[in-house]
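with the sequence up front, the predicted model follows.
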Amino acid sequence: MAPSTAAEMVDLYYDPYSFEIDENPYPYFKRLRDEAPVYYNEKYDFYALSRYADVLEASKDWHTYSSARGTVLELLDVPPENLPQMIIFMDPPQHSRLRKLVSRGFSPRQIDRIETQVRDIARRLLAPFAPGDTFDLVQDYAALFASMVIGQLAGVPSEDLDILRQWGEDNLTIEEGGDSFKTAEVMKGKGDADALARRTNIGDYFKSLAQKRRSEPQDDMISAIIDSRIEGDDGQTRPLTERELLDFIMLLSGAGTETVSRLLGWAGTYLPAYPEQFDAVKADRALLPGAVEELLRIEPPTPVQARVTTADVTLHGQAVPAGSRVLLLTGAAGRDEREYADPDRLDIRRHAKHVSLGQGVHFCLGANLARLEARVAIDELLNKFGGWAPHPDRGERIHTSTVRGYRRLPVTV
């Protein structure tokens, strides 16, 4: 049931599926923080938290704000048995067991070991271009770079990366107004035949790849996960089920590619927009890690995280009943003036904490890898070209309910 304050907010409307809002959600986010820090959307039946302190605490409190029914709004109505067996769709203890199994592959030490290979991928992708050229920073570089890094880590053959990336992007894309959610409808046992075929294509592909790795193990993450064992509910260890294995591979392939490519797209527009800071990064690459953190704060690739409450909550005088759908607006939290001075301004020397990679038990498993990829990708662009000029007026945004950013962004180097 809608809260009593809904009528008072008739002129304040936030819709996560609106293309118009998605183009620039930040004026809406500011109004939510100021006027309705616990906002209720009657059409889609969700509450939204927008202030930094609230998003931070809810992100850490997995007991109350559960991920077990999914972290994407349109998936919260999917029958639990149809949800992918992914660690982002789990709470402890299942989450803890799977995370422990795979976390070694994403430790800072392991990630540092692959920096040379990551740089080599970036250099190979930039090799066809020369100073003065114009190319698509996302399609010709960022998206390919992210998928190739993940592919090398996981063990996906390079010749298959592009079609997998296209399948994944297509399954994430929504139609304006939120009336068509391809992946969600398929999981509910509905959806059109084409959507089902696309999802089946991805599943069949990774099933075949896993079978190959079982018979011919390689030095990659898929082979390592196949060979690992997880503690079951009875305390005994067991290998991952086929479904657990396939869903983990799909998560690794999809999430790792989408988030990094969108982050690099934002880097393509934001850094040139602040010439003094861009010049500082060019002159001193030790500033790059701070620049990456600031880009994550000001434009998180995944600005919305869904949860379901497991108990009644009262926040800012607003009652949120148990079983409610709640959106944690990380994109709004990152620009909360209660936490950050001049929050709409990029400041690569800010060194501020943020919630863009999650917090607590659900802190992003691939955070170390994403940071390395972003730092190396920008570094190699600067090494070869010294800088770039973006053409956002000729760009194209991608519209999904989980990631936000450029699908295409021409730049001149």
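It's in. Residues are numbered from 1 along each chain as shown.

in stretch 227-237, what counts as buried?
228, 230 (16 or more other CB atoms under 10 Å). (Glycine included, C-beta is placed from N, CA and C.)

please renumber so the chain begins at 51
In the new numbering, first residue 51, that becomes stretch 277-287.

residues in contact with that stretch?
Outside stretch 277-287, the residues within contact range by CB atoms under 8 Å, 6 or more residues apart in numbering are 147-148, 151, 267, 288-290, 294.

buried ones in stretch 61-78?
Quick answer for stretch 61-78 (16+ other CB under 10 Å): 64-68, 71-72, 75-76, 78.

centre of the chain versus that stretch, how much separation?
19 Å (CA atoms, centre = their mean, to the nearest Å).

what does that stretch rub up against?
81-82, 85-86, 89, 91, 93-94, 98, 123, 224, 226-228, 353-354, 377, 381-382, 385, 394, 447, 449, 451, 454.

give me the buried entries from the residues you listed.
Buried among those (16+ other CB under 10 Å): 81-82, 86, 89, 91, 98, 123, 224, 228, 353-354, 377, 381-382, 385, 447, 449, 451, 454.

now do stretch 75-94: distance to the chain's middle.
21 Å.

quick check: end-to-end length of it?
18 Å (CA to CA, to the nearest Å).

looking at the buried residues of stretch 61-78, which is nearest Ile348?
Nearest to Ile348 out of the buried residues of stretch 61-78 is Tyr76 (CB to CB; 9.5 Å).

can you pull the buried residues of stretch 436-448?
In stretch 436-448, counting by 16+ other CB under 10 Å, buried: 437-438, 440-442, 445, 447-448.

how long is it end to end?
Start-to-end, stretch 436-448 (CA to CA) is 28 Å.

average pLDDT for that stretch, rounded please.
For stretch 436-448, mean pLDDT is 96.

what of stretch 380-390?
98.

who's in contact with that stretch?
So stretch 380-390 is in contact with 75-76, 79-80, 82-83, 100-106, 109, 346-350, 352-355, 393-394, 400, 402, 404-406, 454, going by CB under 8 Å, 6+ apart.

just the buried members of those residues?
75-76, 79-80, 82-83, 100-102, 104-106, 109, 346-350, 352-355, 393, 400, 402, 404-406, 454.

which of the contacts of stretch 380-390 fall within strands?
355, 454 (DSSP state E).

in helices, which of the contacts of stretch 380-390 appear?
76, 79-80, 82-83, 102-106, 109, 346-348 (DSSP state H).

select the longest helix from the chain.
helix 292-323.

burial count for Thr291?
11 (other CB atoms under 10 Å).

tell me how far Pro371 lies from Asp334.
Pro371 sits 52 Å away from Asp334, going by CB to CB, to the nearest Å.

higher neighbour count, these two?
Pro371 (12 against 9).

so what's the more buried one closest to, chain neighbours aside?
Asp362 (5.7 Å; CB to CB, 6 or more residues apart in numbering).

can you name the residues that contact the one you found?
Counted by CB under 8 Å, 6+ apart, Asp362 has contacts 369-372.

keep only those of the residues you listed that are in strands.
Those of the contacts of Asp362 lying in strands (DSSP E): 369-370.

most neighbours among the contacts of Asp362, which one?
Val370 (21 neighbours).

now the strands: where do they sit in the stretch 101-250 of the chain?
115-116, 184-186 (DSSP state E, counting those that start in this stretch).
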